[in-house]
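In: Just need the structure, nothing else, for what follows:
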Amino acid sequence: MHKERRLFVDADACPVKKEISQLSTHFPISLVFVASYSHFSIERTQEWVFVDPDKEAADLYIVNNVKEGDIVVTQDMGLAGLLTHKQVYVLTPHGNTIREKDMPNILNKRYLSYKQLAQGNRIKGPKPFTRQDRDNFYNALEELLNHLY
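Out: This next block holds a predicted model:
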């Protein structure tokens, strides 16, 4: 018997909600989308938790409710940094697995980017999300869920 796992989705700007919903039906996992009230919609089939629209409200909800062995899908590396040391599986919408050992480098790059912005310099934004990114995510999540179950 597997311990009950939950898959939390930092849902406000998540481009792979459909893929997560499709895959989760094949595994005994509880799916929880977390979004701000500003993204409220009555058209939803899974569990949604709506939080205040404050900048870090969804992150705080996830950090306070996640347990070891749960999965979180996020593109927020600050949130990822708070989760990896809790033995939570962190996956980006591009299909990258974030590990504790990766965090110092990731957070350093983030710091340097913010420093450039603060100095008035322009930095490259994210590349457009592609079909390949979507496929990479689907395959990575499927592989992780197959490994866990």
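In: shaky segments in the protein?
Out: Low-confidence segments of the chain, defined by pLDDT under 70: 1-3, 37-46.
In: can you map out the helices along it?
Out: Shown for the chain, the helices assigned by DSSP state H span residues 17-24, 57-65, 77-83, 103-118, 131-148.
In: Mean neighbour count, those helices: which tops it?
Out: Ranked by mean neighbour count, the helices of the chain are led by helix 77-83 with a mean of 20 (mean count of other C-beta atoms under 10 Å). Just so you know, the C-beta spots here come from the backbone N, C-alpha and C atoms, and that holds for glycine as well.
In: Now do it: everything it contacts.
Out: Contacts of helix 77-83 with the rest of the structure, by C-beta atoms under 8 Å, 6 or more residues apart in numbering, involve 10, 59, 62-63, 66, 72, 74, 90, 92, 98, 103, 106-107, 110.
In: Give me the angle between the lengthiest strand in the chain and helix 57-65.
Out: Among the segments of the chain that qualify as a strand by DSSP state E, the longest is strand 29-36. For strand 29-36 against helix 57-65, the angle by axes from the mean of the first three to the mean of the last three C-alpha atoms, to 10 degrees is 140 degrees.
In: ok, back up a step: Serialize the contacts of helix 77-83 to TSV and add fields for distance to residue 143.
Out: Shown next, in TSV, are the contacts of helix 77-83 (distance: C-beta to C-beta, whole Å):
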residue	distance to residue 143
10	20
59	26
62	22
63	25
66	21
72	16
74	18
90	15
92	14
98	15
103	22
106	21
107	26
110	26
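In: Among those residues, which pair sits farthest apart?
Out: Across the contacts of helix 77-83, the longest distance by C-beta to C-beta is 20.8 Å; it joins 66 and 110.
In: residues touching residue 51, list them.
Out: 34, 35, 36, 37, 57, 58, 60, 61.
In: 10 Å instead?
Out: With contact set as C-beta atoms under 10 Å, 6 or more residues apart in numbering, residue 51 has these partners: 12, 34, 35, 36, 37, 57, 58, 59, 60, 61, 62.
In: isn't the second one right up against residue 65?
Out: Translated: residue 34. Yes - Residue 34 is within contact range of residue 65, at 8.5 Å (criterion: C-beta atoms under 10 Å).
In: All set, thanks.
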